[in-house]
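Asker: Following is a predicted model, sequence given first.
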Amino acid sequence: MKKYSKLTPVALLLGTLAVFPSYVNASLPQQIYSEEMPSLAPMLEQVTPAVVSISVAGTQKVNQQVPDAFKFFFGERRGQAQERPFRGLGSGVIIDADKGYIVTNNHVIDQADEILVTLKDGRQLEAKKIGADSQSDIALLQIKADNLTEIRISDSDTLRVGDYTVAIGSPFGLGQTVTSGIVSALGRSGLNIEQLEDFIQTDAAINSGNSGGALVNLRGELIGINTAILGPNGGNVGIGFAIPANMMKNLTNQIIEHGEVRRGVLGITGHSLNAEISKAMDLETNQGGFVSQVTKDSAAEKAGIKAGDIIVAVDGKKIKSFNELRGKIGSIGAGKTVKLTLLRDGDEETVKVTLQSAPDANIEAANIHPALEGAKLSSASNGGVKVMDIASGSPAEQSGLKEGDIIAGVNRKRVTNLAEFRTLIEDSSGVQALNVIRGNTELYLMIR
């Protein structure tokens, strides 16, 4: 759990009792014994099997500083990278029982060589990383197992401040733990936790190890992925943050479809509107994203957005800041069309924008096949998979791959993107033939 690091049970009970006025009378103690007490247990019995514990192991590079007294021997190098083993704990949520898909935070599994998932029934399974997005801190894993339970996903855009929340995860390695609270705020951004931020804030107790766990409503539907806390001493102080379910769903759908996040971009720069800017420009609102510049030939320019416009809503949902706008747009895939509500010269207008592609995202090929470790791959714009980078001396280099190669097929089957490439590799066994285009030359490389 990052260290950005509740309605209490009594308060939750009182809130529930208000819905059942027959309990609130002089014979309360007698009725409590004669009637069933309000409880979250029935809902949790259905939901908690969909929340898993995750343990990881791997190595990470650290810089070892060279003391000044030894510079004579080591020159002016300030440090030397060394690899050190690490272990970590987190949580995850099963979102597709048939395919074994589990969503968690990227920071839970980042740099991990081994990922072990523990189900509520005690089964332990090795997980494979399908893809991740460091900017939003989302990662997708896959396990192979029968009799899994998946969670229902709610429309997080319908959330309101004050809605009850229940957080499920494995804090401090204690095992599955449940806490309760409310939605404290929506659209939290500008916290510098992630590059793309549009958080749900909750006071349900969230601690280290809850990262990647579920934030659900009283119907047991997933409303967010627990991600960070504001904890000066590393513990819960009632301020936790979760990635909205809709944002998570947009990103994982892209990973499943393309093998990577194909982020959409507007092509604008700007900043959040505030009272000072609003007064200077004689505006009627203090909230929204102020557009200071529009990039030439961008999606925004083609839609008619101009410098000086104030974007106040995305697909009819109001936004408070430029950071919130960035977070919402950044989770929507390239090629998708969104409706933006903006203010221009005091008038409200709505424009439709078809988002363009962000610069190519690369994934580590080791997640696809051990023989490709050390290569960074990306879906090529004209079809196939492009080798963006090769680490010197890596298995990928030893396999014969070079930077700039285009992998056009596997075992004589055409490949158009990363998702297809991954599927073909997974469906094959033994020696596999990669059809590679290198400049004007076509060749085959064998991996096993």
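Answerer: Okay, I see it. Numbers count the residues shown, from 1 in each chain.

Asker: can you give me the strands for the stretch 151-300 of the chain?
Answerer: 164-169, 177-188, 199-202, 214-216, 222-229, 240-244, 264-265, 268-272, 289-294 (DSSP state E, counting those that start in this stretch).

Asker: Tell me who's in contact with the residue lying closest to Lys99 once chain neighbours are set aside.
Answerer: Once flanking residues are discounted, Lys99 sits nearest to Gln142: 6.8 Å by CB to CB, 6 or more residues apart in numbering. For glycine as for every other residue, the C-beta is placed from the backbone atoms N, C-alpha and C. Gln142 is in contact with Lys99, Gly100, Tyr101, Ile102, Ala127, Lys128, Ile130, counting by CB atoms under 8 Å, 6 or more residues apart in numbering.

Asker: Helix or strand next in line after the top strand by length along the chain, which one?
Answerer: Using DSSP state E, we find that the single longest strand of the chain is strand 79-96. Using DSSP states H and E, the helix or strand that directly follows strand 79-96 along the chain is strand 101-104.

Asker: Tell me the gap between that following strand and the middle of its chain.
Answerer: How far strand 101-104 lies from its chain's middle: 10 Å, per CA atoms, centre = their mean, to the nearest Å.

Asker: Tell me the strands beside that strand, with direction?
Answerer: Strand 101-104 sits in its sheet next to strand 79-96 (antiparallel), strand 138-142 (antiparallel), going by DSSP bridges.

Asker: I'd like the distance from the first one to the chain centre, please.
Answerer: Chain-centre distance of strand 79-96: 16 Å, with CA atoms, centre = their mean.

Asker: Which positions within that strand qualify as buried?
Answerer: Within strand 79-96, the residues scored as buried using 16 or more other CB atoms under 10 Å are Gly88, Leu89, Gly90, Ser91, Gly92, Val93, Ile94, Ile95, Asp96.

Asker: rewinding a little: the residue nearest to Lys99 and Ile255, how far apart?
Answerer: 11 Å (CB to CB, to the nearest Å).

Asker: do Val314 as well
Answerer: In terms of CB to CB, Val314 sits 22 Å off from Ile255.

Asker: So, low pLDDT: which residues of the stretch 301-448 of the chain?
Answerer: 359-367 (pLDDT under 70).

Asker: how about the strands in it?
Answerer: Under DSSP E, counting those that start in this stretch, the stretch 301-448 of the chain gives strands at 310-314, 317-318, 337-344, 347-354, 356-357, 363-364, 375-379, 385-390, 406-410, 413-414, 432-438, 441-447.

Asker: So which residues lie in contact with the second one, not counting its own?
Answerer: When contacts are defined by CB under 8 Å, 6+ apart, strand 317-318 is touched by residues Asp157, Gln287, Val312, Lys328.

Asker: neighbours around the third one, how many?
Answerer: Residue neighbour count, defined by other CB atoms under 10 Å, stands at 19 for Val312.

Asker: Hmm, Ser134 is touching Asn106, no?
Answerer: Yes. Look at Ser134 against Asn106 with CB atoms under 8 Å: they come within range, at 5.2 Å.

Asker: Looking at these two, which is more packed in?
Answerer: More neighbours surround Asn106 than the other of Ser134 and Asn106, with 21 against 15 (other CB under 10 Å).

Asker: quick one: the more buried one from Thr337, how far?
Answerer: Taking CB to CB, one finds Asn106 at 28 Å from Thr337.

Asker: again with Gly346
Answerer: The gap separating Gly346 from Thr337 is 27 Å, by CB to CB.

Asker: Neighbour count: those two, which is higher?
Answerer: Using other CB under 10 Å, the more surrounded residue of Gly346 and Thr337 is Thr337, with 13 against 8.

Asker: shouldn't the more buried one be in contact with Val351?
Answerer: No. Judged on CB under 8 Å, Thr337 makes no contact with Val351 at a distance of 10.5 Å.

Asker: give the contact list for the nearest residue to Ser298 once chain neighbours are set aside.
Answerer: In this structure, Ser298 finds its nearest non-sequential neighbour in Gly267, 2.2 Å apart by CB to CB, 6+ apart. By CB under 8 Å, 6+ apart, Gly267 lies in contact with Val294, Thr295, Asp297, Ser298, Ala299, Ala300, Glu301, Gln356.
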